[in-house]
Each structure stands twice: as structure tokens, then as C-alpha cells.
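S.K.: Next comes the sequence, and after it the predicted model I'd like to discuss.
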Amino acid sequence: MVDYSVNGSVAVLMVNNPPVNALGHAVRVGLKTGIERGAKDSRVRSIIIIGKGQTFPAGADIREFGKPSKEPWLTAVGNLIKTCSKPVVAAIHGTCLGGGLEIALFSHYRIAVSSARVGFPEVTLGLLPGAGGSQRLSRLTGLPVAMEMISSGRHVPARKAKEYGIIDEIVSGDLLKTALKFAQEVQSRPFKDRCLRYKVVPNADRVEEYASAALTQVKKKYKGFEAPVACVQAVRSSAELSYEEGMKRERDLFLQLGQSGQAKAQQYAFFAERAVTKWQMPGGSYKTAKPLPVRSTAVIGAGTMGSGIAVCLLSAGLPVYLLEQNEKFLQSGVKLIESIMAGSVKLGKVSMETAKRAATLLKPTLSYDDIKDVDLVIEAVFENLDIKKEVFSKLDKICKPSAILCTNTSTIDINRISSATSRPEKVVGTHFFAPAYHMKLLENIYGTKTSPEAVATVMKLGKTINKVPVLVKSCHGFLANRMNAPFSSEAIFLVEEGASPQEVDQVNEDFGMPMGPFKVRDLSGIDISWRINREVAKVLGTSITKETRFLGGNRYCGLNDDFYDKGRYGRKTGKGWYLYEKVGGKTAVADPEAEEIINSYRQSRGIVKRKITPQEIFERQFYSAINEGFRILEEGICNMPEEIDISWIYGFSYPKYRGGPMFYASQIGLQRVYDRICHYHETCPYSIHWVPNRLLKKLAENNVPFTQWANHVSKSKM
Ligand SMILES: CCCCCCC[C@H](O)CC(=O)SCCNC(=O)CCNC(=O)[C@H](O)C(C)(C)COP(=O)([O-])OP(=O)([O-])OC[C@H]1O[C@@H](n2cnc3c(N)ncnc32)[C@H](O)[C@@H]1OP(=O)([O-])[O-]
Ligand SMILES: NC(=O)c1ccc[n+]([C@@H]2O[C@H](COP(=O)([O-])OP(=O)(O)OC[C@H]3O[C@@H](n4cnc5c(N)ncnc54)[C@H](O)[C@@H]3O)[C@@H](O)[C@H]2O)c1
């Protein structure tokens, strides 16, 4: 795990633990023995620590967390480096993160190639640096930078790290050769004063001011997360306590966080995000299917979604033909793209160069002839099957045979769309979430005839445009919207029965959702849900009237329609479920007029308002979604609960510190979840989403651990 060699007067400790050289037990042992050996070796006058392969150690081995810890601990290895009688040089390439950066900060010198990145991402795992990072970084960079870096987990490029004082020298050429030269040069220099432990924290007397500014910021930016606050507290202690006391404080906070449910959930989410990249479908998988190259693209429809999708493609440097049905819509799409780009530059999310390059890559057009040679097309026209089929039939005729044809439909079965083409194997769903340029989920959907090659192409595209792609099998509503349907319907039923929109939103926001469901409805537009309901009714061969209490055999609530009838479409009209300060305003306040609409709706239908507890609000929304999640698993719409959880985290901003709805269910206990679903099936009998799922029942009865659920899914499918 750590190869020891001597080159002239320099010992080289080469960490060899692919893929990221994580500092697992064997690596820690290897580093310890390597340092001890180097210190004793009479040929050796300095020591290099370097990573083999793609990176310097990218941190502790996360898979070891939660298991009994084995000595030597990382701090002990660090102390050995710190007190070594010979200077130790960390030679950095790739990602020097977490425990890796701590090892580098224990070393006497740090050199790095310019492409390297350093950082403390522990916070994203619900933790803080536990081997002195919070005590040593501030001694180098000062308190504000250390507080910001550690509480954000941001990766800092080598040049910036040099400005901060973290890196001593940026080097070029072969890293090992340069490091050997550097290590020889430092042999003659005194190096005891290079030890950070003896440095004082700059401006330590201003710690109160810095800490309170940092705390205000992190509480706002990372609302609900425990670790960022603890990160600031740990760095704060580097200025307020002695080094030894600070180390103890850091360790206590680390252990405290490690035992919290948040850390467990965030670490689960880390691995879940990687698990979903290992996709499988009938006939192929990530291992067997090769993506086709995507060098040019087209987006059909330049509305809300089409424009946002174009921004994603352009920002990744892909040329985009933007095709519309007329000049007016085309120009408004171009304007929207320009304004999104300008906004992103202003927020620092996109560089000026990227925005300038994007402008040159955008090719607005009204002609299908222009797109005949593109590698991939994404359709984002109205959510109407007939229109989509017409577009796909044209694409089929005009696009080159190898082109992948994607649809951004949010609900329609891919098979119904691909049937309009002679190449259903090339048709695939690429479902972006609004706003497309911001939300990270890309729900990729395969139909019965979609080829693994087409899927491999859109999974890769997702990565290229910086999204988190999740693969699902086609069905009405796919994974995310199918689960969101009961979640969102229950919210409105709760108001129908007696809760206020504010009470429902509060429960959701207290749980960690960034916005309650009624604020979301106001944001996306009450007119949109009104239209969707009409489309659903049309498909079912019926229509919605004031008397409608059931739709497709399921409970239906017409409250949304009453708001629509009053012209209250949400933010866009300045009022909806809430009142806003102006048309397009963002500050939602309770509105007596909205309350009046709700009251008269109840009266007209003879509903007696009742008091609903926060617990019931929570359970009815989240448990109905979880029940649907198990149905999705049982039907094989996805292969593992991780796909559901990642979809919620990146599609609906579900709080990562709770892991995702399926992980959360496992933490509550499936038997309890199942019992409550049975209870609501009895008390709210008119919705199919309360029919207790069989897979859930089976897993609950057999007390199957979360990690085994996926095995039962495939068995239940057979
Ligand atoms: C008081 C007690 C003392 C405690 C001491 C605490 C020490 C310290 O402060 C705590 C830490 O360091 S916390 C750690 C702080 N460090 C971090 O949080 C860094 C976390 N890692 C990353 O951010 C990314 O992996 C990189 C940016 C490094 C590479 O990105 P990329 O090139 O896109 O690659 P990729 O696809 O992402 O990963 C490839 C494979 O490697 C796997 N794996 C990765 N890291 C792992 C780890 N640390 N471990 C295990 N496995 C890890 C990953 O699962 C995947 O496996 P798969 O089986 O093939 O699926
Ligand atoms: N809005 C959302 O929140 C959201 C989220 C995910 C997916 N979607 C899906 O994305 C698609 C587009 O939704 P939207 O909200 O962007 O709609 P939109 O009404 O904002 O835009 C649709 C655009 O398509 C254009 N168009 C219609 N027919 C066309 C044709 N034949 N050729 C070229 N252009 C045509 C229209 O002129 C319009 O500009 C729908 O399928 C929708 O279900 C929407």
C-alpha cells in the first residue's frame, strides 16, 4: 500500500491504493513504517510522500467510518511526520483532500503541480477534518479562509492554494523528479520552524468577529446541516485554545458529528451518488455499452426548459442548434438564454470566457435542415403527445441515422413517443428538472426498444454537463414525478381537510425541504398544474368540473382550480396560495383572501375543517411517496433504492443530511412505516397511493436491512 524506495539521499513513500489512494488502515501502517524506516536509514536525508496513479491521497477511507477504528490513527501518523528528524516533502498531484491534506500539512514542505486541487470536503460527509486540519490550516491561511474552506468543503486549485500559503511551490514537469530535486535542496536548510504546530494563528484576537460572521453565513447557506457550524467552532478553537487543547476539541467535535444521523446519511448519499452511475438495463450496462460521441446538439423548443437545457449544453462547450416554431418564440428563447448566462456570470457560477464562448456556440434556427448532422437532439416542446410525435417523425426523417433522439417529457411513456420513428432504439428520455440550468438531476429513461448504446450516450452526456444522471425504465411519470404525485396530492388533501398551506409548508421546511409544496406550486404556476390536470382528464377520456371528486378512480381536490379561476396563478400574478409583494415577487405571506377561497371551497362541499397535527402532515406526504417508491422498485422502474434517493436529493432538493426518502424510511424502521401506511389506507381510503405495497410489507416483515433491499427487488421481479 505504501512503496518504500531510496533515490540517492531521498526516501520516497509512494502511496499505492487505487483509485484515490484513500488513507485506509494499511496505508496508515505503510506511512508509519515508511517514516520510521526513512528516519533510521543512514542513506536518507529527506523524505517525499507522493501518490501513485491519478492522485495524492484524497482523504481517509470513508468505508472505514462507523467500524471499530484500528491504530495507527491518522493523527499519530501525522505526529510522526511532524517530529521526524528529516524534512518531509508532500509532492501533490490530483486531489489532495481531507486526511490527505492533513498529511500534507503535517509535512514540512508542500509542492504541487498546477492542476492539483486541495481541500477539506469532510463537511460534505457530515464531518470535519479530524486529524488536525482545523488547527493547522488556520495557522497558515488565517481564520477567515480556514473557516470558509473547511465549512464549505470547496476544492481549491493549486495556484489559489499557493496564494493562501498552503502550497510552497507550484512545479511543472515530472512530479517525482522535481520532488527529488526539491527534497535534496531542502536537506541543508533548518526545517523545525516549518512545523505548523509552533506557528501562531494570524489575527487571533479578531476570532470573535470572524467566527460570528462565518456562523451567520453558514447557518444561512447550509440551513439544517450540523457539520458546517461545527467546522467553524473547530477552527475557532485554533485561535482560542492551545494547540493540544484545540486538537482535543477538534477530535471531540469529530466524534460527536460522526455519531450523528446526519453524517451517516451524508456518507450514504456519497456512495449512493456513485452507485447510480453503475446502471443496468435489459441487454446492457455501464460495463458493456459504449457511448457514442456527442460533438454537436440541437434543442427543439426554446421555452422554459429548452432554454435551460441549451444553457447546460453550451456551458459544457457543446454547439447547440436552437429550433423553434416561429421567429418570435425563437428570439424570446435566445433572450432567455442570454439572461440566464448573464445571471450565472454575475453569481460567479460561470466564467466570462465560458459565457462568451457559449454565445458563439448557439445557433438559433427555424429549419430542420440545419440539424441534419447533429449527434444528439433534445426535444422540449409542449407536453402533448401529438405534437411530440410530429416532432419525432420529422427528426427521424431528417437526422443522420446515428443521431440520438431525446425527449424532455416529464410524464409521457417513451415508447409512445418513439413509436413515431423508425429508430426506437435511438430514442431515449432525458428529463431535466426546473430550472434546468440549476437542478443537478438528469433522469434518463429507456423504453422497451431503447439501445444500451443510446443510454450510455445520455449517461455520459449527463456527466459532461455536470449533472447527476439516474437511469429509469419508462412508465407514466417515471421515477421522480411518479413519487412526487402522491406527495403533492396529499398536501392539497390536507388543506382540503383543515390544514393551512402555511402549516403544510412549515412541516416540510422544518424537515429540511427548501420550500414547502404550496410555495413550489406558486413558483411553478397554478395554471401549469391546472393544465396538467386537464391533460390527465383528457387521457382518461373525461373532463374536470366543479363536481369532480374523483379522477381515474382516485380522490381529486378542486382547490387548485378555484385559485386558477380567480386568476391567482402564483408568483407570476403576485398571488396564489400566498400573497407576494409584487408580480414576480418572491416574499410569500399568508393572504386572508386565499384563506377565504379555501373556506368557501370546504363549505360548498360540506367539509368540516379539522385540526391536523404536524405529524400527520408529515406522514401523509412523505409516507405516501415512500409507498410509491416501493412500488417503483417492485415494478423494476429502477434497480436500487439509491436511485430513488439520489433523484429526490438532486431533483427536489431533499435534504442530503436525511439521505433520501428510502434511506429515511430505513432509519424510521419499515414496520413502523408500513403500519402507518396501513392506517392511512383505512382513514383515507380513496387514493390508490395508500394501498400498502407488497414489497414494503415483505421487507418489513422479514426485517431486511437496507443494503439487502435491492436483492429482494430482483427476486420480486422474477
Ligand atoms: C478522531 C479520529 C480521526 C479521524 C481522521 C479523519 C481524517 C479526515 O479528516 C477525514 C477524511 O479524510 S474524510 C474523506 C475526505 N475526502 C473526501 O471526501 C473525498 C471523497 N472523494 C471524492 O471527492 C472523489 O472521489 C474524488 C474527487 C477524489 C475523485 O473523483 P472521481 O475521479 O470522480 O472518482 P469517484 O467516482 O468519486 O471515486 C472513485 C472510487 O473511489 C471511491 N472513493 C473516493 N473517495 C473515497 C474515500 N475517501 N474513501 C473510500 N472510497 C473512496 C468511490 O466510492 C469510487 O468507488 P467505486 O467503487 O468505483 O464507485
Ligand atoms: N416546466 C417544467 O417545470 C418542466 C420540467 C421538466 C420537464 N418539462 C417538460 O419539458 C417540455 C417543455 O416544457 P416547458 O415548460 O419548457 O414548455 P414551454 O411552454 O415553456 O416551452 C415549449 C416551447 O416549445 C415550442 N414548441 C412547441 N411546438 C413546437 C414545435 N413543433 N417545434 C418547435 N418548437 C415548438 C413552443 O413555442 C415553446 O417555446 C414539456 O414536455 C414539459 O413536460 C417541463
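M.R.: That came in fine, so what should we check first? Ligands and ions are numbered 1, 2, ... in the order given.
S.K.: does stretch 218-230 come close to ligand 1?
M.R.: No: counting by C-beta under 6 Å from any ligand atom, no contacts exist between stretch 218-230 and ligand 1, the nearest distance being 11.3 Å. C-beta coordinates here come from the backbone N, C-alpha and C atoms, glycine included.
S.K.: Show me what that stretch is in contact with.
M.R.: Defining contact as C-beta atoms under 8 Å, 6 or more residues apart in numbering, one finds that stretch 218-230 is touched by 122-123, 125-128, 151-152, 215, 231-232, 253, 256-257, 260, 262-263, 266, 512, 514, 655, 657.
S.K.: try stretch 145-156
M.R.: 95, 97, 117-124, 128-129, 133-134, 137-138, 140-141, 164, 166, 210-211, 214, 218, 222, 228-229, 231-232, 234-236, 238.
S.K.: Just the ones in helices from those residues, please.
M.R.: Among the contacts of stretch 145-156, the residues falling in helices (DSSP state H) are 133-134, 137-138, 140-141, 164, 210-211, 214, 218, 228-229, 231-232, 234-236, 238.
S.K.: Just the buried subset of the contacts of stretch 145-156, please.
M.R.: With neighbours counted by 16 or more other C-beta atoms under 10 Å, the contacts of stretch 145-156 contain buried members at 95, 97, 117-124, 128-129, 133-134, 137-138, 140-141, 164, 166, 210-211, 214, 218, 222, 228-229, 231-232, 234-236, 238.
S.K.: so which of those also contact ligand 2?
M.R.: With C-beta under 6 Å from any ligand atom as the criterion, the buried ones among the contacts of stretch 145-156 include none near ligand 2.
S.K.: Could you tell me what pLDDT the model assigned to Ser716?
M.R.: At Ser716, the predicted lDDT confidence score is 44.
S.K.: Quickly note the distance from the residue in the chain that ligand 2 sits nearest to to Leu540.
M.R.: Among all residues of the chain, Gly303 sits closest to ligand 2, at 1.8 Å; criterion: C-beta to the nearest ligand atom. Summarising the geometry, the distance separating Gly303 from Leu540, computed by C-beta to C-beta, to the nearest Å, is 26 Å.
S.K.: Val218 now?
M.R.: According to C-beta to C-beta, Val218 and Leu540 sit 49 Å apart.
S.K.: cool, and Val472?
M.R.: Computed with C-beta to C-beta, the distance linking Val472 and Leu540 is 24 Å.
S.K.: Please apply the same query to Asp369.
M.R.: Taking C-beta to C-beta as the measure, Asp369 and Leu540 are separated by 39 Å.
S.K.: Give me the more crowded residue out of these two.
M.R.: For Asp369 and Leu540, the more surrounded residue by other C-beta atoms under 10 Å is Leu540, and the numbers stand at 11 against 8.
S.K.: just checking, that one touches Gly552?
M.R.: Yes: Leu540 sits in contact with Gly552 when judged by C-beta atoms under 8 Å, with a separation of 4.9 Å.
S.K.: burial count for the closest residue to ligand 1 within the stretch 601-718 of the chain?
M.R.: Residue nearest to ligand 1 within the stretch 601-718 of the chain (C-beta to the nearest ligand atom): Glu642, separated by 11.4 Å. Residue neighbour count, defined by other C-beta under 10 Å, stands at 26 for Glu642.
S.K.: Show the backbone phi and psi for the nearest residue to it once chain neighbours are set aside.
M.R.: In this structure, Glu642 finds its nearest non-sequential neighbour in Ala272, 3.8 Å apart by C-beta to C-beta, 6 or more residues apart in numbering. Backbone geometry at Ala272, expressed as degrees, to the nearest 10, gives phi -60, psi -40.
S.K.: Report how many residues lie close to Ala272.
M.R.: For Ala272, the neighbour count with other C-beta under 10 Å is 23.
S.K.: which bits of the stretch 1-150 of the chain sit near ligand 1?
M.R.: So the stretch 1-150 of the chain meets ligand 1 at 19-20, 22, 58-63, 73-74, 95, 97-99, 102, 121-122, 125, 129-131, 133 (C-beta under 6 Å from any ligand atom).
S.K.: shaky segments in the stretch 451-600 of the chain?
M.R.: Along the stretch 451-600 of the chain, the model assigns pLDDT under 70 to no residue.
S.K.: so where do the helices sit in it?
M.R.: Per DSSP state H, counting those that start in this stretch, the stretch 451-600 of the chain has helices spanning 452-464, 480-497, 501-511, 517-524, 526-539, 559-565, 592-604. These are given in chain order.
S.K.: other SSEs contacting the fifth one?
M.R.: In other words, helix 526-539. Of the remaining helices and strands, those touching helix 526-539 by 3 or more C-beta pairs under 8 Å, 6 or more residues apart in numbering; DSSP states H and E are strand 550-551, helix 559-565.
S.K.: from the middle of its chain, how far away would that helix be?
M.R.: The gap between the average C-alpha position of helix 526-539 and the chain average comes to 30 Å, counting by C-alpha atoms, centre = their mean, to the nearest Å.
S.K.: got the buried residues for it?
M.R.: If you call a residue buried by 16+ other C-beta under 10 Å, then helix 526-539 has these buried ones: 526-530, 533, 536-537.
S.K.: Kindly report the domain assignment for this structure.
M.R.: Each domain of the chain is listed here as a residue range: 2-259, 290-475, 499-604, 614-712, per automatic domain parsing.
S.K.: Please settle this for me: is Leu405 part of a helix?
M.R.: No: membership of Leu405 in a helix is not supported by DSSP: H, G, I helix; E, B strand; the rest coil, which gives strand.
S.K.: sorry, back to before: ok, the residue of the chain closest to ligand 2 touching Gly333?
M.R.: Yes: with the criterion set as C-beta under 8 Å, Gly303 and Gly333 qualify as a contacting pair; they are 7.0 Å apart.
S.K.: Which helix or strand contains the residue nearest the centre of the chain?
M.R.: When C-alpha atoms, centre = their mean is applied to the chain, the residue found nearest the centroid is Tyr650 (4.5 Å). Secondary structure here is read from DSSP states H and E; on that basis Tyr650 sits in helix 641-651.
S.K.: And that helix, how far out from the chain middle?
M.R.: 9 Å.
S.K.: After it, which helix or strand is next? Please name it.
M.R.: Counting by DSSP H and E, the element after helix 641-651 in chain order, helix or strand, is helix 661-668.
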